[in-house]
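Trainee: I need the structure of the sequence given here:
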Amino acid sequence: MSPWTSGILSGILGILIGAFINHRFAIGRERAKECRAVIIPLKQKIYEHINNFDSNPTHKRIIRSDIETIRVYISEYRYKRIIRKWKEYDELMCKSSSTDNYGQEQWCSDFESNIKKKLMELNSAIKK
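Mentor: Numbering: from 1, shown residues only. Got it, this is the predicted structure:
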(Lines give C-alpha, C1' and ligand atoms only; values in the text may rest on other atoms or scores of the structure.)
Protein backbone atom coordinates (compact mmCIF):
# COMPACT_ATOMS: atom_id res chain seq x y z
CA MET A 1 0.00 0.00 0.00
CA SER A 2 1.36 3.37 -0.91
CA PRO A 3 1.80 6.14 1.69
CA TRP A 4 -0.74 8.22 -0.21
CA THR A 5 -3.44 5.52 0.12
CA SER A 6 -2.75 4.88 3.80
CA GLY A 7 -3.01 8.63 4.47
CA ILE A 8 -6.43 8.79 2.84
CA LEU A 9 -7.64 5.70 4.70
CA SER A 10 -6.44 6.98 8.06
CA GLY A 11 -8.10 10.35 7.34
CA ILE A 12 -11.42 8.68 6.50
CA LEU A 13 -11.15 6.47 9.57
CA GLY A 14 -10.44 9.53 11.73
CA ILE A 15 -13.47 11.35 10.34
CA LEU A 16 -15.73 8.34 10.98
CA ILE A 17 -14.50 7.91 14.56
CA GLY A 18 -14.85 11.65 15.20
CA ALA A 19 -18.38 11.66 13.81
CA PHE A 20 -19.34 8.70 15.98
CA ILE A 21 -17.96 10.28 19.16
CA ASN A 22 -19.59 13.64 18.36
CA HIS A 23 -22.92 11.88 17.80
CA ARG A 24 -22.65 10.14 21.18
CA PHE A 25 -21.95 13.43 22.96
CA ALA A 26 -24.90 15.07 21.19
CA ILE A 27 -27.22 12.28 22.36
CA GLY A 28 -25.94 12.71 25.92
CA ARG A 29 -26.54 16.48 25.84
CA GLU A 30 -30.05 16.02 24.49
CA ARG A 31 -30.89 13.44 27.16
CA ALA A 32 -29.58 15.71 29.91
CA LYS A 33 -31.63 18.62 28.54
CA GLU A 34 -34.81 16.48 28.54
CA CYS A 35 -34.09 15.31 32.08
CA ARG A 36 -33.59 18.87 33.35
CA ALA A 37 -36.84 19.92 31.67
CA VAL A 38 -38.70 17.44 33.87
CA ILE A 39 -36.69 17.63 37.11
CA ILE A 40 -36.52 21.43 37.45
CA PRO A 41 -40.34 21.93 37.66
CA LEU A 42 -40.53 19.19 40.31
CA LYS A 43 -37.77 20.79 42.37
CA GLN A 44 -39.51 24.18 42.02
CA LYS A 45 -42.73 22.65 43.30
CA ILE A 46 -40.87 21.23 46.32
CA TYR A 47 -39.31 24.64 47.05
CA GLU A 48 -42.69 26.37 46.72
CA HIS A 49 -44.19 23.84 49.11
CA ILE A 50 -41.41 24.46 51.65
CA ASN A 51 -41.61 28.25 51.32
CA ASN A 52 -45.41 28.44 51.53
CA PHE A 53 -45.69 25.82 54.23
CA ASP A 54 -46.45 28.26 57.04
CA SER A 55 -49.38 29.92 55.26
CA ASN A 56 -50.97 26.85 53.65
CA PRO A 57 -49.31 23.47 54.37
CA THR A 58 -51.49 21.45 52.00
CA HIS A 59 -51.09 23.84 49.05
CA LYS A 60 -48.76 22.50 46.33
CA ARG A 61 -48.56 19.15 48.08
CA ILE A 62 -46.24 16.71 46.32
CA ILE A 63 -48.20 13.76 44.97
CA ARG A 64 -46.96 10.49 43.51
CA SER A 65 -47.77 11.48 39.93
CA ASP A 66 -45.32 14.39 40.33
CA ILE A 67 -42.61 11.85 41.10
CA GLU A 68 -43.69 9.50 38.31
CA THR A 69 -42.82 12.13 35.69
CA ILE A 70 -39.09 11.66 36.28
CA ARG A 71 -39.11 7.85 36.27
CA VAL A 72 -37.94 7.40 32.68
CA TYR A 73 -35.01 9.78 33.15
CA ILE A 74 -33.37 8.24 36.21
CA SER A 75 -32.10 4.82 37.21
CA GLU A 76 -34.36 2.35 38.95
CA TYR A 77 -32.23 2.56 42.12
CA ARG A 78 -32.58 6.36 42.28
CA TYR A 79 -36.29 6.11 41.53
CA LYS A 80 -36.85 3.67 44.41
CA ARG A 81 -34.85 5.91 46.74
CA ILE A 82 -36.93 8.95 45.75
CA ILE A 83 -40.19 7.01 46.17
CA ARG A 84 -39.05 5.86 49.63
CA LYS A 85 -38.39 9.50 50.62
CA TRP A 86 -41.74 10.56 49.14
CA LYS A 87 -43.58 7.84 51.10
CA GLU A 88 -42.02 9.08 54.34
CA TYR A 89 -43.13 12.63 53.48
CA ASP A 90 -46.63 11.52 52.46
CA GLU A 91 -47.06 9.47 55.63
CA LEU A 92 -46.24 12.51 57.75
CA MET A 93 -48.61 14.68 55.71
CA CYS A 94 -51.42 12.16 56.25
CA LYS A 95 -50.72 12.01 60.00
CA SER A 96 -50.68 15.79 60.32
CA SER A 97 -53.97 16.51 58.62
CA SER A 98 -57.50 15.33 59.23
CA THR A 99 -60.95 16.22 57.99
CA ASP A 100 -63.60 17.61 60.33
CA ASN A 101 -67.35 16.94 60.18
CA TYR A 102 -67.83 19.71 57.60
CA GLY A 103 -65.22 18.35 55.17
CA GLN A 104 -62.67 21.02 56.02
CA GLU A 105 -59.08 19.93 56.39
CA GLN A 106 -57.62 20.50 59.83
CA TRP A 107 -53.88 20.89 60.23
CA CYS A 108 -51.74 19.79 63.18
CA SER A 109 -48.51 21.78 63.26
CA ASP A 110 -46.65 19.26 65.46
CA PHE A 111 -45.22 17.55 62.39
CA GLU A 112 -44.17 20.71 60.56
CA SER A 113 -40.43 20.53 61.17
CA ASN A 114 -40.32 16.82 60.32
CA ILE A 115 -42.25 17.38 57.11
CA LYS A 116 -39.90 20.18 56.05
CA LYS A 117 -36.97 17.91 56.82
CA LYS A 118 -38.47 15.14 54.68
CA LEU A 119 -39.07 17.61 51.86
CA MET A 120 -35.44 18.67 51.97
CA GLU A 121 -34.35 15.02 51.90
CA LEU A 122 -36.64 14.42 48.93
CA ASN A 123 -35.23 17.47 47.20
CA SER A 124 -31.66 16.33 47.73
CA ALA A 125 -32.50 12.85 46.40
CA ILE A 126 -33.71 14.44 43.16
CA LYS A 127 -30.51 15.62 41.53
CA LYS A 128 -30.32 17.66 38.35
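Trainee: low-confidence ranges, this protein, go.
Mentor: 1, 57-59, 105, 128 (pLDDT under 70).
Trainee: show me where it has its strands.
Mentor: 97-99, 105-107 (DSSP state E).
Trainee: quick one: distance of the first one to the chain centre.
Mentor: For strand 97-99, the separation from the chain centroid amounts to 29 Å (computed by CA atoms, centre = their mean, to the nearest Å).
Trainee: including mean neighbour count and distance to residue 43, could the strands of the chain go into a markdown table?
Mentor: No exception for glycine: its C-beta is placed from N, CA and C like everyone else's. Output for the strands of the chain, formatted as a markdown table (neighbours: other CB atoms under 10 Å; distance: least, CB to CB, whole Å):
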| stretch | mean neighbour count | distance to residue 43 |
| --- | --- | --- |
| strand 97-99 | 12 | 24 |
| strand 105-107 | 11 | 24 |
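Trainee: closest to residue 85 out of the ones you listed?
Mentor: strand 97-99 (19.2 Å; CB to CB).
Trainee: the lengthiest helix in the chain: how far from the chain's middle?
Mentor: Assignment by DSSP state H gives helix 3-51 as the longest helix of the chain. Taking the mean of its C-alpha atoms, helix 3-51 sits 19 Å from the chain's own mean (CA atoms, centre = their mean).
Trainee: stretch 53-69 now?
Mentor: Distance, centroid of stretch 53-69 to centroid of chain: 14 Å (CA atoms, centre = their mean).
Trainee: which outside residues touch it?
Mentor: Contact with stretch 53-69 is made by 38, 42, 45-46, 48-49, 52, 82-83, 86, 89-90, 93, 96-97, 105, 107, 109, 112, 115-116, 119, 122, as judged by CB atoms under 8 Å, 6 or more residues apart in numbering.
Trainee: still on that earlier bit, pipe the strands of the chain into a markdown table and attach distance to residue 18 per row.
Mentor: Below are the strands of the chain laid out as a markdown table (distance: least, CB to CB, whole Å):
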| stretch | distance to residue 18 |
| --- | --- |
| strand 97-99 | 59 |
| strand 105-107 | 60 |
